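**Q** When you get a sec, could you give me coordinates for this:
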Amino acid sequence: MQDDDSGPSLARGLFRRGVLFGCAAFVLFFFWETYSSSAALSRLSAAASNFSYTERCDANGNPTTTGEPNCIDLGRYLFIYGPVMKALSKSVLRE
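**A** Numbers count the residues shown, from 1 in each chain. Sure thing, here's the model as predicted:
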């Protein structure tokens, strides 16, 4: 004969805990992918590959005449695409 308990069974309690931990893990993963620096770098890399580069710069933002175009003027910033991507403020470059 089955007991007539008013509380949930052990299986139902374990299922509820599993769902709770699964939802918490999903929310943490979502926030990690949204706000982590590695996720920001991967989004920047994906966006940078779509730019049409017209200028040639060295790693410090100085114009060069050789090599492939790797710089783009973004108004107040100069974005340099390469092994290490940089966004330099033009006010820093003028100093």
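
**Q** tell me the helices in this protein, going along the chain?
**A** Here the chain has its helices, by DSSP state H, at 10-35, 37-48, 90-94.

**Q** so the second one versus helix 10-35, what angle?
**A** Which is helix 37-48. Angle, helix 37-48 to helix 10-35, by axes from the mean of the first three to the mean of the last three Cα atoms, to 10 degrees: 50 degrees.

**Q** helices or strands next to helix 37-48 in the packing?
**A** When contacts are defined as 3 or more Cβ pairs under 8 Å, 6 or more residues apart in numbering; DSSP states H and E, helix 37-48 packs onto no helix or strand at all. For every residue, glycine as well, the C-beta is placed using N, CA and C.

**Q** And it, how far out from the chain middle?
**A** Averaging C-alpha positions (Cα atoms, centre = their mean, to the nearest Å) puts helix 37-48 5 Å from its chain's average.

**Q** what is the rounded mean pLDDT of it?
**A** For helix 37-48, mean pLDDT is 76.

**Q** in that helix, what's buried?
**A** Within helix 37-48, the residues that qualify as buried are residue 48, counting by 16 or more other Cβ atoms under 10 Å.
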